[in-house]
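S.K.: okay, structure incoming, though there's no sequence with it:
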């Protein structure tokens with residue numbers, strides 16, 4: 001007689017799993033708000049702001065009803081919404097713990113019920129509500145006629161599902177990345193995305209203010225066939241009586257949703273069944289055999305090369321340092337180039353790149369945090385402090401000199417004012433040298449700690465030190481550059497000065513180099529004397 005096999009636990013179905021995950025989403029939100037009153041107040045304030053913005057945006061879309069080019073603007077809006085949903089998990093993944101499906105890996109869940117349950121739970125939140133309101137306003141603005149309204153309602157729902165599913169598919173495809181150190185780097189770089197996006201929005205608004213909405217038509221003609229823009233395109237086509245095109249665009253939106261669901265399901269299956277890095281065998285070969293980058297072989301020997309390599313590795317590996325550098329590189333290029341593109345700029349705007357990169361010299365010891373004690377143990381004299389500061393300055397110059405030159409040349413080429421290239425380069429080099437000099441001195445006199453966790457760049461109680469260091473140092477750098485600035489102005493306004501403007505390039509470079517050496521010489525004794533104070537200041541974060 002054979003023994004009866006005990007039935008195993010039944011896999012949860014979509015009907016039973018969906019309410020569980022919805023309640024889980026609400027519980028995570030509620031428990032997160034209970035952690036502190038400040039977090040609750042911040043969430044309520046942000047929710048109120050988002051809801052007010054949603055109402056205003058929806059009313060603005062409704063006000064576009066009857067405008068000849070309303071559909072072109074709304075198609076672009078749908079494309080931007082889809083792009084925002086796609087990149088949101090890469091930069092703000094820590095805000096929603098349900099974006100990490102590996103937390104459910106030990107549960108007996110099937111991919112298809114899990115996908116449907118996660119999709120429904122993803123519709124809970126301010127983001128989906130904001131997106132739904134915008135698509136609802138789009139229906140009112142674009143749809144004319146009963147059939148168009150029906151197509152609009154279906155299209156709005158499909159567009160919302162496409163946006164949410166796109167975010168989930170991207171999050172599932174990059175879960176391993178987002179839970180690693182590189183993922184934390186992406187989260188820190190979210191501020192750069194906001195800054196660059198703000199510049200792009202400002203530039204686009206200026207172009208729309210001068211040329212009107214008609215210039216959006218060429219881009220809209222392409223994007224109305226790219227989901228989720230196809231949903232808005234279907235509304236406009238149905239309003240114009242082009243029912244076949246409307247149904248085709250609606251079908252394309254639905255097909256995109258099906259494909260995204262399939263991709264999401266495949267990534268979920270792989271995450272649930274494949275081992276992570278903790279179960280894989282580590283590579284025990286020496287770094288040289290694994291293909292070390294060999295950065296040290298290109299740097300000077302001794303302490304100078306070691307300091308340069310350490311500084312450059314901070315730039316590449318430390319999230320806060322990397323964020324500051326990438327932001328400086330991006331904004332230093334965007335401002336002069338965008339102004340030159342609009343025809344309102346000047347070659348001298350390229351000095352902004354040198355200024356943004358020169359700021360990286362400030363608070364040099366703060367990026368070491370409590371590990372600065374290792375550096376402090378190797379400094380026994382002003383000479384050691386001078387070599388340490390010199391190595392950090394040379395590491396910065398290794399990037400800033402070619403980059404500032406590149407930005408100046410690009411800006412000059414866009415404006416076509418090649419006669420202004422030598423004085424602009426000379427002024428950039430002088431400004432960079434002045435900022436390196438003041439940065440070395442303020443690093444020794446006003447050091448402050450940079451917290452390793454969170455988005456704050458200054459430890460509590462040290463905001464005043466940061467303001468004195470950065471603002472005071474920048475003001476001092478401007479004063480030190482006053483002779484070069486005065487010479488540049490004089491040669492530009494004087495009658496016979498055009499033939500002598502090229503001298504500003506070697507003069508500015510020599511002046512900047514002299515300022516850098518003088519600043520390092522003055523900062524070295526101060527650094528050697530204040531090692532305990534510097535260590536205490538940079539260790540508070």
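M.R.: Here it is on my side, so go on. Being a predicted model, the structure only gives us computed values, none of them experimental. Residues are numbered from 1 along each chain as shown.
S.K.: so how far is residue 158 from residue 385?
M.R.: Counting by CB to CB, to the nearest Å, the gap between residue 385 and residue 158 amounts to 64 Å. Placement of C-beta: from N, CA and C, glycine included.
S.K.: for residue 122, give me its contacts.
M.R.: Contacts of residue 122 were listed using CB atoms under 8 Å, 6 or more residues apart in numbering, and they are 98, 128, 164, 167-168.
S.K.: now do the same for it: its pLDDT.
M.R.: pLDDT recorded at residue 122 is 85.
S.K.: likewise residue 276?
M.R.: Looking at residue 276, its pLDDT is 55.
S.K.: what about residue 385 and residue 158, which has more around it?
M.R.: More crowded of residue 385 and residue 158, by other CB atoms under 10 Å: residue 385, with 26 against 23.
S.K.: so how far is the one helix or strand that one maps to off the chain centroid?
M.R.: Secondary structure from DSSP states H and E places residue 385 in helix 382-415. Computed by CA atoms, centre = their mean, to the nearest Å, the chain-centroid distance of helix 382-415 equals 23 Å.
S.K.: what helices or strands is it leaning on?
M.R.: Packing contacts for helix 382-415, counted by 3 or more CB pairs under 8 Å, 6 or more residues apart in numbering; DSSP states H and E, involve helix 303-317, helix 319-341, helix 351-358, helix 421-445, helix 504-529.
S.K.: next, the buried residues of that helix.
M.R.: Of the residues in helix 382-415, 382, 384-397, 399-401, 403-405, 407-412, 414-415 count as buried by neighbour count, 16 or more other CB atoms under 10 Å.
S.K.: between that helix and helix 303-317, how many degrees?
M.R.: Counting by axes from the mean of the first three to the mean of the last three CA atoms, to 10 degrees, helix 382-415 points 50 degrees away from the direction of helix 303-317.
S.K.: quick one: pLDDT of residue 230?
M.R.: Reading off the model, residue 230 has pLDDT 91.
S.K.: can you check residue 436 too?
M.R.: pLDDT, residue 436: 93.
S.K.: tell me the spatial nearest neighbour of it, not counting adjacent residues.
M.R.: residue 516 (4.6 Å; CB to CB, 6 or more residues apart in numbering).
S.K.: could you chop this protein up by domain?
M.R.: Domain ranges of the chain: 44-192+212-274, 301-538, per automatic domain parsing.
S.K.: close enough to count as contact, residue 114 and residue 103?
M.R.: No - using CB atoms under 8 Å, residue 114 makes no contact with residue 103, being 11.8 Å away.
S.K.: who's in contact with residue 17?
M.R.: Residue 17 touches 109, 113-114, 116-117, counting by CB under 8 Å, 6+ apart.
S.K.: just the buried residues of the host helix or strand of it, please?
M.R.: Assigned by DSSP H and E, residue 17 belongs to helix 14-33. Across helix 14-33, burial judged by 16+ other CB under 10 Å covers 17-18, 21-22, 24-25.
S.K.: just stretch 152-162 next, same as before
M.R.: Under 16+ other CB under 10 Å, the buried positions of stretch 152-162 are 152, 154-162.
S.K.: not counting its own residues, what contacts that stretch?
M.R.: Identification of contacts with stretch 152-162 by CB under 8 Å, 6+ apart yields 78, 82, 119, 123, 128, 131-132, 135-136, 138-139, 142-143, 227-228, 230-232, 234-235, 238, 249-250, 253-254, 256-257, 260.
S.K.: and what of stretch 233-245?
M.R.: 71, 75, 138-139, 142-145, 147-148, 151-152, 155, 224-225, 246-247, 249-250, 253.
S.K.: of those residues, keep whichever come out buried.
M.R.: 71, 75, 138-139, 142-144, 148, 151-152, 155, 224, 246, 249-250, 253.
S.K.: thought residue 320 was touching residue 450?
M.R.: Yes - using CB under 8 Å, residue 320 is in contact with residue 450, at 5.6 Å.
S.K.: what do these two both touch?
M.R.: 367, 457.
S.K.: tell me where the stretch 51-200 of the chain has helices.
M.R.: With helices called from DSSP state H, counting those that start in this stretch, the stretch 51-200 of the chain shows them at 70-92, 111-122, 126-142, 146-173, 175-178, 181-188, 190-211.
S.K.: those: lowest mean pLDDT?
M.R.: It's helix 181-188: among these, that one has the lowest mean pLDDT, namely a mean of 56.
S.K.: picking up where we left off before, give the contact list for the residue nearest to residue 436.
M.R.: Counted by CB under 8 Å, 6+ apart, residue 516 has contacts 393, 433, 436-437.
S.K.: neighbours of residue 124, how many?
M.R.: 16.
S.K.: contacts only, for it.
M.R.: Applying CB under 8 Å, 6+ apart, we find residue 124 in contact with 22, 25-26.
S.K.: for residue 509, see how far away residue 76 is.
M.R.: 46 Å.
S.K.: typo on my end, it should be residue 343
M.R.: Distance from residue 343 to residue 509, counting by CB to CB: 30 Å.
S.K.: what about these two, which has more around it?
M.R.: Shown here are residue 343 and residue 509; by other CB under 10 Å, residue 509 has more neighbours (18 against 8).
S.K.: what about that one, distance to residue 493?
M.R.: Per CB to CB, residue 509 is found 23 Å from residue 493.
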